[in-house]
Structures are given as structure tokens and as C-alpha cells.
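1. build me a structure from this.
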Amino acid sequence: MIGKDDLRAPANIADLAVVSEALKLLCRENGVDTDRRRVLHVATLLMGLCRDGVRDQYHLIGMARERLAEVSFDDLASSEA
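-> Prediction:
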């Protein structure tokens with residue numbers, strides 16, 4: 001479940017731009033750019049990494065890819081049903 005702490009904004013506008021670009025890229029790579037639940041999952045992951053201090057776009061994308069590889073989107077869909 002997503003809590004209000006997961007929805008806190010990045011530290012500044014530059015961080016938001018990095019998260020936005022990473023979100024677009026990762027959603028396209030995973031074929032989920034039209035699935036709102038899955039996009040929200042990726043966005044929440046990115047915001048959490050950003051909140052944890054990951055600010056570099058390449059590190060952010062790399063760490064998110066690793067975490068997304070650990071979880072199948074099919075598993076995600078079945079756990080939300």
C-alpha cells in the first residue's frame with residue numbers, strides 16, 4: 001500500500017525532472033506506459049529512491065531497473081487484485 005510519505009516531492013525541480021525522465025524511460029522499457037497501476041508502481045519506486053538520496057539520473061535508473069527486475073509486473077497485478 002502506498003503511504004503519504006511515498007508521495008513526497010523530490011528536493012527540487014531538477015530532481016523532479018530527473019524522476020520524470022526516468023519514469024518515462026522505465027515505463028517504455030517495461031511496456032507499462034498505458035497501465036496506470038504499473039506506472040504508479042514505477043513512480044513510487046523512483047520517488048523512494050530519490051527520497052533515499054539517489055539524485056543522479058543514471059544511478060536512479062540503474063537502481064530502479066535492478067529493483068524492477070526482482071518483481072514481475074504479472075506478480076504485481078495478481079497481488080493487487
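2. so how many other residues sit close to the nearest residue to residue 56 once chain neighbours are set aside?
-> Nearest non-adjacent residue to residue 56, counting by CB to CB, 6 or more residues apart in numbering: residue 18, 7.9 Å away. Where C-beta positions appear, they are placed from N, C-alpha and C, glycine not excepted. For residue 18, the neighbour count with other CB atoms under 10 Å is 22.
3. got a list of what residue 18 touches?
-> 10, 50, 55, 56, 57, 60 (CB atoms under 8 Å, 6 or more residues apart in numbering).
4. most neighbours, which of those residues?
-> residue 60 (22 neighbours).
5. now do the strands in the protein.
-> Using DSSP state E, the chain contains no strands.
6. average pLDDT for the longest helix seen in it?
-> Using DSSP state H to define each element, the chain has its longest helix at helix 13-30. Throughout helix 13-30, pLDDT has a mean value of 89.
7. ok, stretch 50-66 next?
-> 92.
8. buried set for it?
-> Buried residues in stretch 50-66, defined by neighbour count with 16 or more other CB atoms under 10 Å: 50, 54, 55, 60, 61, 63, 64.
9. need phi/psi at residue 52.
-> phi -80, psi 0 (degrees, to the nearest 10).
10. ignore what I typed, I meant residue 32.
-> According to degrees, to the nearest 10, residue 32 has phi -120, psi 20.
11. that one and residue 21, how far apart?
-> 16 Å (CB to CB, to the nearest Å).
12. repeat that for residue 52.
-> In terms of CB to CB, residue 52 sits 18 Å off from residue 21.
13. same thing with residue 59?
-> 13 Å.
14. likewise residue 70?
-> Residue 70 is 22 Å from residue 21, by CB to CB.
15. show me which of these two is the more surrounded one.
-> Per other CB under 10 Å, whichever of residue 70 and residue 21 has more neighbours is residue 21, with 13 against 8.
16. isn't the more buried one right up against residue 57?
-> Yes. If you go by CB atoms under 8 Å, residue 21 and residue 57 touch, sitting 6.6 Å apart.
17. how about the helices in the protein?
-> For the chain, the helices defined by DSSP H cover 13-30, 36-51, 57-70, 73-80.
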